[in-house]
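[1] what follows is a predicted protein model with its sequence.
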Amino acid sequence: MTPMLDFFAGSYQVVVVGAGHAGIEAALAAARLGCATLCLCTSLEGIGNMPCNPSIGGTAKGQLVREIDALGGEMARAADAACLQFRILNRGKGPAVHSPRAQSDRMAYRAYMRRALESCPNLDLAQGECGEILTEPEGRIRGVRLVGGARYDCKALVLATGTFLGAKTFTGEVVRHMGPDGMYSADHLTGCLEKLGLSLRRFKTGTPARVSGKSLDFSKMTPQPGDPGETGFAFDPIFPVENQVLCWLTYTNEKTHEIIRASLNRSPLFSGEIQGTGPRYCPSIEDKVVRFPEKERHQLFLEPCGKDTDEYYVQGMSSSLPEDVQRAFLRTIPGLERVHILRPGYAIEYDCIDPLQLNHTLAVRDIPGLYCAGQLCGSSGYEEAAGQGLIAGINAAKQVQGLSPVTLARRDGYLGTLIDDLVTRGANEPYRMMTSRSEYRLICRQDNADARLMPLGYQIGLLPKERLKRMEARQAQLKAELVRLHQTVVPPSRQVNAFLQSQETSPIALSGATLAELLRRPQLRYDALAAIDPHRPVLPPSVAGQVEIEIKYEGYIRRQMKDIEEQRRLEDAPLPLDIDYLSIRTLRTEARQKLQAVRPETLGQAGRISGVSPADIGALMVYLSHRKEQ
């Protein structure tokens, strides 16, 4: 629909469409880098909203939050400020998969992020729906026009529309054209994106019911406390993290599953009403019951939505079934027999783009000045969105300022892996970050994101020098302690061997052993070694934890670093932008077509494209060699 009015409303260097997790980071990054920035959203009350689970972090996602903090983003501090409970997941496994997670106060998180945007220099907020993207005759971005007619000029545009683009919600037979949490959908931009030549697709996600805490019987559930002594996500904590609430564990049962199976004919997911592709790794409860008929129960977590509300989130029970069915199956669950539903669950369909149209800066290849981030790019999750928004906002600012763009490689961390997966392999379903997706997860841990990425954050201009110096001081402590542990020999003695026996490990040989050799023993922990190490320095808990990891996994870390160096040559070998892959007859037909469509920037990226074999990469290397000789 063409706007009724057209009036000039202002000129900015960067405009960001959307104020969810991606839009917030994009707008803050661009403004903090000195660009006059406008952040548009359909509702100012929706800034930083958590329409799904009221938490930040989790498996692999916690790594992303720490990386965002190391680069100078805001999500970690907001999560700490709104934290109700903090945990480190997967403690029973190796450090490569340890993942921080915070239960969050939804309203406090939204209030923090709105204050962050409103108080940021160079940044304006405005409520309104973007209806049209304006371009110059040669295709470069020149501005946006809102549905109400307001026109804003800009040199770079970041689209971060989340799940609002063409959104439609489903609760059984009730279908509404609206976004999450009953907010307005964005219905005018899809046609504009298609006119610009972008390939779109339809994805689907969902959320469970929210229920009243006073209707729950927690005596029938298992309490899930937070971990004591944790300091939160931010490497330089500002807000103290306290475990103020409990989460609760309960389970579905066969009666629950019977009600769901009997109601599948009323599910839009199974009736064909829902056309979008849903997330494989976060299925609805009806999906779980159908796909895993052998399972007698599924675990659920009751999670508080805030300290000033009675609302609880039923984690693990996303559903698009009718509200009466949701009420019936919820009441079969221990502790929920008298449950009162505050908000029924729903599924939501939305439009997104094929991310293969983007490069590693998150710029659209064929539309100069246009960047995309978040669920618009086919990803799922707050953390994935925030990380993309940060990179898109940085690069939009750099482009406006005529500076070199910023990209991350897979070896740099989870954020580099996330973006590379999206722009190289695409997303045929909502993409979720997992530790298994990173081949460098032992190097790219959550505890060392500061050492890995703070120098880059400082170089970009988002990280203050004092934060960089604090990181360097921590690294100096770590390196000094590693040297001391390798050089300090513990001679055998009655006291030492009595200690080792108490730790269920063998005594020291006559020649003695270094503290590092002792720490490599599976039975021994760094803290416990204090009993026979009277000269150890006082270290912050975060540094002490890294000392233990570096010693115990020293061989594995050395091997992975060697792999990284061996692959760096291939990964960094640039591919000329003018290659006509269709003309390289030594490549298989599928490889020619895929390479021509994706147009990889390096040999490493080319090798990760689905349908491009190692033999194709070999043929491409031969082609490049001959081309260089000509």
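    Cool, the structure landed.
[2] run the chain-centre distance for the longest helix that the chain contains.
    With DSSP state H setting the assignment, residue counts place helix 465-487 as the longest helix in the chain. Centre-to-centre, helix 465-487 and its host chain are 28 Å apart (CA atoms, centre = their mean, to the nearest Å).
[3] name the residues that touch that helix?
    235-236, 450-451, 454-455, 457-458, 514-516, 519, 536-537, 539-540, 542-543, 546-547, 550-551 (CB atoms under 8 Å, 6 or more residues apart in numbering). In this view, the C-beta of every residue, glycine as well, is placed from N, C-alpha and C.
[4] those in strands, which ones?
    Per DSSP state E, strands hold the following members of the contacts of helix 465-487: residue 514.
[5] just the buried subset of the contacts of helix 465-487, written out for PyMOL, thanks.
    To isolate the buried members of the contacts of helix 465-487 in PyMOL, using 16 or more other CB atoms under 10 Å:
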select buried, resi 235+236+450+451+454+457+458+515+516+519+536+539+542+543+546+547+550+551
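[6] grab the most central residue of the chain for me.
    residue 384 (2.5 Å; CA atoms, centre = their mean).
[7] what is the burial count for residue 14?
    Using other CB atoms under 10 Å, residue 14 has 30 neighbouring residues.
[8] so what pLDDT did it get?
    According to the prediction, residue 14 has pLDDT 98.
[9] roughly how far does it sit from residue 400?
    Between residue 14 and residue 400 the computed distance is 6 Å (CB to CB, to the nearest Å).
[10] shared neighbours of the two, which are they?
    Common neighbours of residue 14 and residue 400, counting by CB under 8 Å, 6+ apart, are 35, 155, 156.
[11] nearest to residue 205, of these?
    Nearest to residue 205, judged by CB to CB, of these is residue 156 at 28.3 Å.
[12] neighbours of the closest one, how many?
    Other residues near residue 156 come to 28 when the count uses other CB under 10 Å.
[13] take the shared contacts of residue 14 and residue 400 and lay them out in JSON lines including secondary structure.
    Listed next are the shared contacts of residue 14 and residue 400 as JSON lines, based on DSSP: H, G, I helix; E, B strand; the rest coil:
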{"residue": "35", "secondary structure": "coil"}
{"residue": "155", "secondary structure": "coil"}
{"residue": "156", "secondary structure": "strand"}
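[14] the helices in the stretch 401-550 of the chain, which residues?
    Using DSSP state H, counting those that start in this stretch, the helices of the stretch 401-550 of the chain run over 414-420, 449-460, 465-487, 494-502, 515-519, 541-552.
[15] nearest to residue 166, out of those?
    So among the helices of the stretch 401-550 of the chain, helix 414-420 is nearest, using CB to CB, at 24.2 Å.
[16] let me see the residues that make contact with the closest one.
    Helix 414-420 is contacted from outside by 60, 63-64, 67-68, 71, 360, 362, 379, 384, 387-388, 390-391, 407-410, 431, 433, 437-438, 440, 444, 605, 608, using CB under 8 Å, 6+ apart.
[17] quick one: mean pLDDT for that helix?
    pLDDT averaged over helix 414-420 gives 96.
[18] same question for stretch 597-616.
    Mean pLDDT, stretch 597-616: 86.
[19] same thing with stretch 136-144?
    Stretch 136-144 shows a mean pLDDT of 96.
[20] gap between the two ends of it?
    12 Å (CA to CA, to the nearest Å).
[21] tell me which residues of it come out buried.
    Neighbour count says stretch 136-144 has 141, 142, 143, 144 buried, by 16+ other CB under 10 Å.
[22] go on, stretch 149-166?
    Buried residues in stretch 149-166, counted by 16+ other CB under 10 Å: 150-166.
[23] ok, residue 345 touching residue 209?
    Yes - in this structure, residue 345 is within contact of residue 209 by CB atoms under 8 Å, at 4.5 Å.
[24] need the residues touching each of these two.
    By CB under 8 Å, 6+ apart, residue 345 and residue 209 have these common neighbours: 314, 317, 319, 326.
[25] most neighbours, which of those?
    Using other CB under 10 Å as the neighbour test, the shared contacts of residue 345 and residue 209 are led by residue 319, with 30 neighbours.
[26] and that residue, what is it in contact with?
    Applying CB under 8 Å, 6+ apart to residue 319 gives the contacts 206, 208, 209, 284, 285, 286, 326, 345, 347.
[27] what's the answer for residue 406, then?
    Listed by CB under 8 Å, 6+ apart, the contact set of residue 406 reads 361, 391, 394, 395, 398, 456, 460.
[28] look up how far residue 393 lies from it.
    10 Å.
[29] could you do residue 442 as well?
    As for residue 442, its distance to residue 393 is 30 Å (criterion: CB to CB).
[30] redo the buried residues of stretch 136-144 as a markdown table? Include secondary structure and distance to residue 241.
    Formatted as a markdown table, the buried residues of stretch 136-144 follow (DSSP: H, G, I helix; E, B strand; the rest coil; distance: CB to CB, whole Å):
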| residue | secondary structure | distance to residue 241 |
| --- | --- | --- |
| 141 | strand | 41 |
| 142 | strand | 45 |
| 143 | strand | 42 |
| 144 | strand | 39 |
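[31] out of those, the closest to residue 423 would be?
    Nearest to residue 423 among the buried residues of stretch 136-144, counting by CB to CB, is residue 141 at 19.1 Å.
[32] skipping adjacent residues, who's closest to that closest one in space?
    residue 369 (3.3 Å; CB to CB, 6 or more residues apart in numbering).
[33] doesn't residue 140 make contact with the one you found?
    Yes - using CB under 8 Å, residue 369 is in contact with residue 140, at 5.4 Å.
[34] give me the pLDDT for the closest residue to residue 568 other than its chain neighbours.
    Spatial nearest neighbour of residue 568, chain neighbours left out: residue 411 (7.4 Å); criterion: CB to CB, 6+ apart. Residue 411 carries a pLDDT value of 92.
[35] contacts only, for residue 411.
    Residue 411 neighbours (CB under 8 Å, 6+ apart): 440, 443, 444, 564, 567, 568, 571.
[36] only the buried members of those residues: can you turn that into a ChimeraX selection?
    Entered in ChimeraX, the line below selects the buried ones among the contacts of residue 411, by 16+ other CB under 10 Å:
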select :440,443,444,564,567,571
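[37] out of the contacts of residue 411, which is nearest to residue 503?
    Of the contacts of residue 411, the one sitting nearest to residue 503 (CB to CB) turns out to be residue 443, at 29.1 Å.
[38] tell me where the stretch 101-250 of the chain has strands.
    In the stretch 101-250 of the chain, the strands defined using DSSP state E, counting those that start in this stretch lie at 123-127, 130-135, 141-146, 150-153, 156-159, 168-171, 174-176, 200-207, 210-212, 222-224, 247-251.
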